[in-house]
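> show me the folded form of this:
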Amino acid sequence: MQADATTSTSALAPLAHPVFRMLWSAWLIANTCMWMNEVAAAWLMTSLTTSPVMVALVQTASTLPVFMLGLRAARSPTSSTGGAT
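Predicted coordinates:
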């Protein structure tokens, strides 16, 4: 398959599409908010206790659901990498 002469091959070319730009912006803002929440939760826990185990448990509790959903997505039969071919 050959690319047209009018097709841009730049890494920023997808940002020319408004739908992709909005989706990418929403993803960026959501991830920034998640990172801020994780830092705030760890910071709060360090002010409540000096136990490193408790701080680690807070971080684990915030990342474990994403990790488990990622494992599930990798194993789904509709996944391009996890399903049997």
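
> mind checking how far stretch 24-44 is from the chain centre?
Remark: stretch 24-44 is offset 10 Å from the chain centroid, using C-alpha atoms, centre = their mean, to the nearest Å.

> typed the wrong thing, it's stretch 42-62
Here the centre of stretch 42-62 is set off from its chain's centre by 22 Å, with C-alpha atoms, centre = their mean.

> tell me the SS of N37?
helix (DSSP: H, G, I helix; E, B strand; the rest coil).

> quick check, it in contact with Q59.
No: if you go by C-beta atoms under 8 Å, N37 and Q59 don't touch, sitting 11.3 Å apart. In this view, the C-beta of every residue, glycine as well, is placed from N, C-alpha and C.

> with neighbour numbers in mind, choose between these two.
Q59 (15 against 11; other C-beta atoms under 10 Å).

> wait, what's in contact with the more buried one?
Listed by C-beta atoms under 8 Å, 6 or more residues apart in numbering, the contact set of Q59 reads 38, 41-42.

> which strand or helix spans it?
In the assignment (DSSP states H and E), Q59 maps to helix 52-75.

> in that helix, what counts as buried?
Using 16 or more other C-beta atoms under 10 Å as the test for burial, helix 52-75 gives 55, 58.

> how about it as CSV, C-alpha atoms only?
This file holds the C-alpha atoms of helix 52-75, laid out as CSV (Å, rounded to 0.1, in the frame of the first residue of the first chain):
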residue,chain,number,x,y,z
PRO,A,52,6.7,3.0,54.5
VAL,A,53,4.4,0.0,54.3
MET,A,54,1.3,2.1,54.6
VAL,A,55,2.5,4.5,51.9
ALA,A,56,3.2,1.5,49.6
LEU,A,57,-0.2,0.1,50.3
VAL,A,58,-1.8,3.4,49.2
GLN,A,59,0.2,3.3,46.0
THR,A,60,-0.7,-0.3,45.4
ALA,A,61,-4.4,0.3,46.0
SER,A,62,-4.4,3.1,43.5
THR,A,63,-2.6,1.2,40.7
LEU,A,64,-3.8,-2.4,41.3
PRO,A,65,-7.2,-1.9,39.5
VAL,A,66,-5.5,-0.5,36.4
PHE,A,67,-3.0,-3.4,36.4
MET,A,68,-5.7,-6.0,36.8
LEU,A,69,-7.8,-4.5,34.0
GLY,A,70,-4.7,-4.4,31.8
LEU,A,71,-4.0,-8.1,32.5
ARG,A,72,-7.6,-8.9,31.6
ALA,A,73,-7.4,-6.9,28.4
ALA,A,74,-4.3,-8.7,27.3
ARG,A,75,-6.0,-12.1,27.8
